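>>> Any chance you could fold what I've pasted below:
(one chain, ligands or ions: 2)
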Amino acid sequence: MAALFNTHEGLNPGLVDRDVYTEYQSLPLPIGKGVWRWWHWPSEQWHCIKVRSHKSGRYLLDNECQLLAGIQSRYVPRLIEKVTTPDQTMMVSSYANGPTLASVIRQQGAGFEGCSQVMMQLVDALVECHRSRIVHCDLKPNNLILSGSTIQLIDFGHSMDIGRDITKLPYRGFSPSYSHPALKDGKTAVTPDFDWYAFFVVMHVSFYGKLPALNRAPSTPLMGVFESMIQRSGLPKLYQRYLTQQLADLDLRLSQKLTTKNEADENKHRN
Ligand SMILES: Nc1ncnc2c1ncn2[C@@H]1O[C@H](COP(=O)(O)OP(=O)(O)OP(=O)(O)O)[C@@H](O)[C@H]1O
Ligand SMILES: [Mg+2]
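Ligands and ions are numbered 1, 2, ... in the order given. Sure, this is the predicted structure:
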């Protein structure tokens, strides 16, 4: 099987029917599993290359390309190109130069300098994605790059359109600590609530360096867990009000779901 792309040889030109890849420096530099950065001479910029060979990985990368093409935001990498061969799929996107939020927290500690700015930009990024009817669905510190003064939200492999029925997906994955209960259950339609739930967990980890005490009882209101964090965050009042409203809405919908679930369980027992 001829690889479209590999670390030692870069792109296999025989598999691409044009010579645009001569515009790149000969060898790409690995930055992750199946992810490289590659210097593009004409634009004098790094590009990010992500390649997948297995069925599930290719499905998720196809999904990522499709969704990235539907978002225009300064907080989201720009899709440059998708290349498909019988064996592999390759995504070329803009490269975000900087550490992930996870490594900044590890190296500089919780409440690092600029933490409030990062949270404000993350709110703006989510609002923009949701306006494009896209829910990220895998928001976590590893999927956020602090690139100079601007964050970049990466890894849209698990992202979905608002309203998509997740019971019908061929491949599904989530990060348990950051996932809304309905996303974990997998029996619902996609809602921006998934990202707001993850946002509050990310904010807690960023400010306090540890996961919040959630999941002890499914009925524990999120307001009790996160409200004081918002008030102490130093975010402008406008953002604080917006986030407090998001919390109240999340709690309301979670309690409605719980009531419906309890009623369904009771009916099951009665029948
Ligand atoms: N556009 C980008 N710019 C810079 N670095 C990137 C970009 N996209 C991905 N990376 C780097 O590659 C790593 C893996 O990318 P990504 O999260 O998209 O893939 P993944 O298959 O989900 O991997 P993982 O399972 O590690 O999350 C990221 O943590 C990041 O370091
Ligand atoms: Mg990732």
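>>> Output stretch 204-213 as CSV, restricted to C-alpha atoms.
The C-alpha atoms that make up stretch 204-213 are tabulated as CSV, following Å, rounded to 0.1, in the frame of the first residue of the first chain:
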residue,chain,number,x,y,z
HIS,A,204,-12.7,25.3,36.3
VAL,A,205,-9.6,23.4,35.3
SER,A,206,-8.0,26.6,34.0
PHE,A,207,-8.7,28.7,37.1
TYR,A,208,-8.3,26.0,39.8
GLY,A,209,-6.2,23.3,38.2
LYS,A,210,-8.6,20.4,38.9
LEU,A,211,-11.8,19.0,37.6
PRO,A,212,-15.0,20.2,39.3
ALA,A,213,-16.8,17.9,41.7
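>>> Quick one: mean pLDDT over it.
Averaging pLDDT along stretch 204-213 gives 96.
>>> contacts for it?
101, 105, 109-112, 115, 118-119, 141, 177, 200-201, 225-226, 229, 232-233 (Cβ atoms under 8 Å, 6 or more residues apart in numbering). Heads up, the C-betas are built off the backbone N, CA and C, glycines and all.
>>> ok, 7 Å please
Stretch 204-213 is contacted from outside by 101, 105, 109-111, 115, 118-119, 141, 177, 201, 225-226, 229, 233, using Cβ atoms under 7 Å, 6 or more residues apart in numbering.
>>> Then stretch 177-184?
Taking Cβ under 7 Å, 6+ apart as the rule, stretch 177-184 contacts 137, 139-140, 174, 176, 188, 193-194, 197-198, 201-202, 211, 218, 257.
>>> Apply 6 Å and report the result again.
Contacting residues not belonging to stretch 177-184 are listed as 140, 174, 188, 193-194, 197-198, 201, 211 [Cβ atoms under 6 Å, 6 or more residues apart in numbering].
>>> same deal with stretch 237-248?
120, 196, 222-223, 226, 230.
>>> cool, stretch 155-168 as well?
By Cβ under 6 Å, 6+ apart, stretch 155-168 touches 60, 64, 67-68, 133-138, 143, 173, 186-187, 189-190.
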